[in-house]
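K.L.:
Give me coordinates for this.
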Amino acid sequence: MAMTTHFINITLLPDPEFSQVHLLGALVAKLHKALVRLRREDIGVSFPEYSLRPRSLGKVVRLHGGEATLLGLMAHSWLQGMRDHVAVSAVALIPDGATYQIVQRRQFKTNVERMRRRRMRRKDESIEQAAAAIPDSVERTPNLPYVQMRSASTGESFCLFIDQAVALAGVSGKFNGYGLSQGATVPCF
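P.N.:
Predicted coordinates:
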């Protein structure tokens with residue numbers, strides 16, 4: 001798989017009716033559906049305004065890929081319903097001197113009660129047995145920015161936690177249905 005050579009910025013516009021968090025969730029959900037439907041594994045995503053303090057993904061979603069790949073994605077109507085809420089840049093070359101980063105999903109076991117209920121079902125245990133096996137101390141509060149999503153298969157809402165970390169060098173590879181990867185990098189500039 002070739003390294004990404006081009007990018008597109010999709011910037012959320014201020015909206016009096018919808019919060020930036022709500023619009024970002026809708027945008028990422030639409031992108032996810034498009035990447036899965038089109039079976040794209042060669043489009044990565046990053047968040048140029050990513051911040052841990054305050055915890056935020058910002059208002060810009062940057063898509064990375066080859067020029068033809070990005071033009072092909074944008075030729076589809078995947079942004080339908082979002083056009084009034086975003087500004088989309090033209091496809092542009094990655095600037096010289098860009099560094100690299102890995103943008104990946106991080107999953108956490110965040111709800112001790114849900115973990116106990118799952119254990120009770122799987123091991124046919126009582127609440128007392130599950131509580132003894134899974135103490136309150138296992139519950140974690142992640143400190144990463146996230147997007148609130150809804151599962152298409154179960155309808156349940158979940159947090160898609162994003163970790164963006166500097167990489168020492170560019171690494172080719174595949175991206176998942178969210179444009180994230182455990183090893184492939186995207187340019188950082």
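
K.L.:
got any ranges where this protein has weak pLDDT?
P.N.:
1-2, 109-110, 138-141 (pLDDT under 70).

K.L.:
in the longest helix anywhere in it, what counts as buried?
P.N.:
For the chain, the helix with the greatest residue count under DSSP state H is helix 20-37. Neighbour-count burial for helix 20-37, counted by 16 or more other CB atoms under 10 Å, picks out 20, 23-32, 34-35. Placement of C-beta: from N, CA and C, glycine included.

K.L.:
helices or strands up against it?
P.N.:
Taking 3 or more CB pairs under 8 Å, 6 or more residues apart in numbering; DSSP states H and E as contact, the helices and strands that helix 20-37 lies on are strand 6-12, strand 60-65, strand 146-150.

K.L.:
what's next to the longest one, contact-wise?
P.N.:
By CB atoms under 8 Å, 6 or more residues apart in numbering, the residues outside strand 6-12 that reach it are 20, 23-24, 27, 48, 59-67, 70, 74, 79, 85-94, 187.

K.L.:
For the following helix or strand past the longest helix of the chain, name the packing helices and strands.
P.N.:
As assigned by DSSP states H and E, the chain's next helix or strand after helix 20-37 is strand 44-46. Applying 3+ CB pairs under 8 Å, 6+ apart, one finds that strand 44-46 makes contact with strand 60-65, strand 99-106, strand 186-188.

K.L.:
Follow the chain on from strand 44-46 and name the next helix or strand.
P.N.:
In N-to-C order, the element after strand 44-46 by DSSP H and E is strand 51-52.

K.L.:
Hmm, Phe103 is touching Phe161, no?
P.N.:
Phe isn't right for residue 103; it's Val. No: with contact defined as CB atoms under 8 Å, Val103 does not reach Phe161; the gap is 11.6 Å.
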